[in-house]
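Engineer: Got a sequence here, can you model it:
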Amino acid sequence: MQDIRLAIFDWDGTLMDSVGRIVACVQNAARDCDEPVPSAQETHQIIGLSLEVGIPRLFKLEQGSERAHALIARYRHHYLHDDTPSPLFAGASELLHQWHAQGIALAVATGKSRRGLDRVLDETGLRPLFAATRGADEANSKPDPLMLTQILAELGLVPGQAVMIGDSIHDMAMAEALAMPRVGVTWGVHDRDRLQAHDPVAVVDTMDELRLLLG
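Structural biologist: Coordinates of the predicted model:
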């Protein structure tokens, strides 16, 4: 991977240990709206998608329907007030600072909204490290590759000069659509076998393994 000039990260489940918080907020939204409460495993399958795509898929509703809008609104309410811890994964900040110091450009492509992404970038103090960021409301939902093509255009790069790093099959499929190199991480929502189905250059189990790929 010597030609890689840009590392594009998913956020939830890749850099931030926020999966538990997302599951709690989805489940609380379901209770508020008198919908069947999905299991954690069921909720994992939509993490990484935009809320507008993921919530209707999870609850088997039509996109844009009144029930879907109500669930999304309650999810956003709970996410602002839920106290489930969502720290950065151990070693994530150090990895980002090291790669940035090495001259590797960094970016984020996430299922979060711009508002939600801005909030965590400021809370973590990581905003200055990223050359480009995209939220789900600024492009099409994963696995559509529009987020990646926007980031590449902004930075003047081609797919072969970038690597997508994520914990979900949605991240892998998004990069695969552009023939962009991709790396799966196993500490998020999808296991090694599901990530491997999208032909990544590597699937790693620790932040140290990931760091060495471009170190």
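Engineer: For the chain, just list every one of the helices.
Structural biologist: 19-32, 40-44, 51-59, 66-81, 92-101, 114-124, 146-155, 169-176, 192-196, 207-214 (DSSP state H).
Engineer: Export those to a markdown table and append columns for mean pLDDT, mean neighbour count and distance to Ile4.
Structural biologist: In this view, the C-beta of every residue, glycine as well, is placed from N, C-alpha and C. Formatted as a markdown table, the helices of the chain follow (pLDDT from 0 to 100; neighbours: other C-beta atoms under 10 Å; distance: least, C-beta to C-beta, whole Å):
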| stretch | mean pLDDT | mean neighbour count | distance to Ile4 |
| --- | --- | --- | --- |
| helix 19-32 | 96 | 19 | 27 |
| helix 40-44 | 96 | 16 | 28 |
| helix 51-59 | 96 | 21 | 29 |
| helix 66-81 | 95 | 17 | 33 |
| helix 92-101 | 98 | 16 | 10 |
| helix 114-124 | 95 | 16 | 23 |
| helix 146-155 | 98 | 18 | 13 |
| helix 169-176 | 98 | 25 | 12 |
| helix 192-196 | 97 | 15 | 19 |
| helix 207-214 | 95 | 16 | 6 |
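Engineer: any chance of those in CSV, plus distance to Val183?
Structural biologist: Below are the helices of the chain laid out as CSV (distance: least, C-beta to C-beta, whole Å):
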stretch, distance to Val183
helix 19-32, 18
helix 40-44, 19
helix 51-59, 23
helix 66-81, 27
helix 92-101, 12
helix 114-124, 21
helix 146-155, 14
helix 169-176, 9
helix 192-196, 9
helix 207-214, 6
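Engineer: Out of the ones you listed, which is closest to Asp3?
Structural biologist: Judged by C-beta to C-beta, the one of these that comes nearest to Asp3 is helix 207-214, at 10.9 Å.
Engineer: Check which helices and strands the closest one is in contact with.
Structural biologist: helix 92-101, strand 162-166, strand 182-185, strand 202-204 (3 or more C-beta pairs under 8 Å, 6 or more residues apart in numbering; DSSP states H and E).
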